[in-house]
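# Predicted structure and sequence below. I'll ask about it afterward.
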Amino acid sequence: MQKRVIETALSAGAVPLLVPCLSFGLPDEQLLEPAWCLTNIAAGKPEETKALLPALPLLIAHLGEKSSAPVAEQCSWAIGNVTGEGEDLRNVLLSQGALPPLARMIFPDKGSTVRTAAWALSNLIKGPQSKAAAQLVRVDGIVDAILRHLKNRMKKFPWKLLGSLCTFLPSQISLQLQIACNFSSRF
């Protein structure tokens, strides 16, 4: 049923109508709805997800500090759906600068926002030779933030992100993360 809704929305030209609704200066309620719609469209088939290309710059822009946590979280969810559709779309998001603001969303202790951003990052950095994973580990403070969340036993932390990062981290830091994972999983 949802697939038909996505097809109908796209054939009616929903994306070009939704993109301006992500403009800065609107109340959160008016930003959350189009972001939510775009998130659902991004969960469609790969060719449907590609229809979101015009929306990506604004979705990325809302990951920053100028947006509220709920708006940033919804936009990170949309981006996570887009990144799950393959390397081409991941490369588009990387070229448009999605990685740094997503990584910064991991720093605060904001439960679901951290989990959603970590999940989106895990999709963004996946792949056997991920340059994005190497770029992520160079973000100042990211490893410390992940360790802090693990030590605080954050529930439902996206372990997939950890697994991807351990592949690209220097062995000493990778070992610290693995120890933290083992310690956290026992509680």
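Looks like it came in fine.
# hey, let's count contacts and neighbours off CA atoms from now on
Noted.
# show me where pLDDT drops low in this structure?
1-3, 128-129, 152-187 (pLDDT under 70).
# in it, which spans are strands?
Counting by DSSP state E, the chain forms no strands at all.
# All the helices of the chain, residue numbers only.
Secondary structure of the chain (DSSP state H): helices at 2-11, 14-18, 28-42, 46-49, 56-61, 69-83, 87-95, 99-104, 111-124, 131-137, 142-151, 159-168, 171-185.
# distance between the second one and the chain's centre?
Centre-to-centre, helix 14-18 and its host chain are 21 Å apart (C-alpha atoms, centre = their mean, to the nearest Å).
# Mind listing residues that contact that helix?
Applying C-alpha atoms under 8 Å, 6 or more residues apart in numbering, the contact partners of helix 14-18 are A9, P34, L38, A51, L52, P54, A55.
# got the helices of the chain as CSV, with mean neighbour count columns?
Output for the helices of the chain, formatted as CSV (neighbours: other C-alpha atoms under 10 Å):
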stretch, mean neighbour count
helix 2-11, 14
helix 14-18, 16
helix 28-42, 20
helix 46-49, 16
helix 56-61, 20
helix 69-83, 26
helix 87-95, 17
helix 99-104, 21
helix 111-124, 24
helix 131-137, 18
helix 142-151, 18
helix 159-168, 18
helix 171-185, 15
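# before we move on, the earlier item: just send the contacts of helix 14-18 back as CSV, with distance to K151 too.
Below are the contacts of helix 14-18 laid out as CSV (distance: C-alpha to C-alpha, whole Å):
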residue, distance to K151
A9, 44
P34, 36
L38, 34
A51, 40
L52, 37
P54, 39
A55, 36
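# I'd guessed I106 sits against L147; true?
No: if you go by C-alpha atoms under 8 Å, I106 and L147 don't touch, sitting 10.9 Å apart.
# Would you mind stating the distance between the most centrally placed residue in the chain and G13?
Residue closest to the mean C-alpha point of the chain, counted by C-alpha atoms, centre = their mean, is A120 at 2.6 Å. Here the criterion is C-alpha to C-alpha, to the nearest Å. By it, A120 lies 26 Å from G13.
# Same question for L121.
L121 is 29 Å from G13, where distance means C-alpha to C-alpha.
# just K110 next, same as before
35 Å.
# N123 now?
27 Å.
# What of L26?
Note on L26: its distance to G13, by C-alpha to C-alpha, is 22 Å.
# same thing with R104?
For R104, the distance to G13 - C-alpha to C-alpha - is 33 Å.
# what's the answer for T39, then?
16 Å.
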